[in-house]
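> take this sequence and fold it.
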Amino acid sequence: MASEKLLKALNDQFNFELASGYHYMGMAAYCSDRNMNGFAHFFIEQAKEEYSHAMKFYGFIYDMDGRVMTQAMEEPKNEYNSFLEVFETALAHEKLVTSKINNLLGMAEEEKSYPTIQFLQWFVEEQLEEENSMKDIIFKLEGIKDNFHGLYLLDKELGSR
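The predicted structure follows:
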């Protein structure tokens, strides 16, 4: 159903999704340290999503008779110059995830692994949504700049996610 090469790539993505959650927890901590609890909540929810994505890969790998192998994670960035930088970093990360999903999909199409193609379609749609969400927040932050009232309102908005 899937080659060893494809199963390894799926396993790498499983690990990358876990690392992405860890990455978002670093962003959440940065926001919490600055009493921006709504921003922190947003990134904690992002981390939970990444962990749920990892579990989708976990289940799929075993459905395809593969074996999950955990890998070491890099320490996430914990310091930023602004909230705008945090979200710009998050957008860059989501673009990297999109690239990895697209590469996986290309590999699955090349191998004609139809179950994998179907599985990955959900992630293609999810990534479009994730990138657009980050772009929307960045647009708001660019308009707000350092305006405390604007940051306060955006923090409240993100806290209700």
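
> assign a three-state SS to L18, would you?
helix (DSSP: H, G, I helix; E, B strand; the rest coil).

> oh sorry, the question was meant for M73
coil.

> list the contacts of the nearest residue to it once chain neighbours are set aside.
Of all residues not flanking M73 in the chain, A19 sits nearest, at 4.6 Å (C-beta to C-beta, 6 or more residues apart in numbering). Placement of C-beta: from N, CA and C, glycine included. Going by C-beta atoms under 8 Å, 6 or more residues apart in numbering, A19 touches M73, E74, P76.

> ok, now F60?
Contacts of F60 by C-beta under 8 Å, 6+ apart are L10, T116, F119.

> same question for G150.
Contacts for G150 (C-beta under 8 Å, 6+ apart) come out as K140, G143, I144.

> where does the prediction get shaky in the chain?
Nowhere does the chain drop to pLDDT under 70.

> tell me where it has helices.
Remark: helices assigned in the chain by DSSP state H are 4-33, 37-63, 83-111, 114-144, 148-159.
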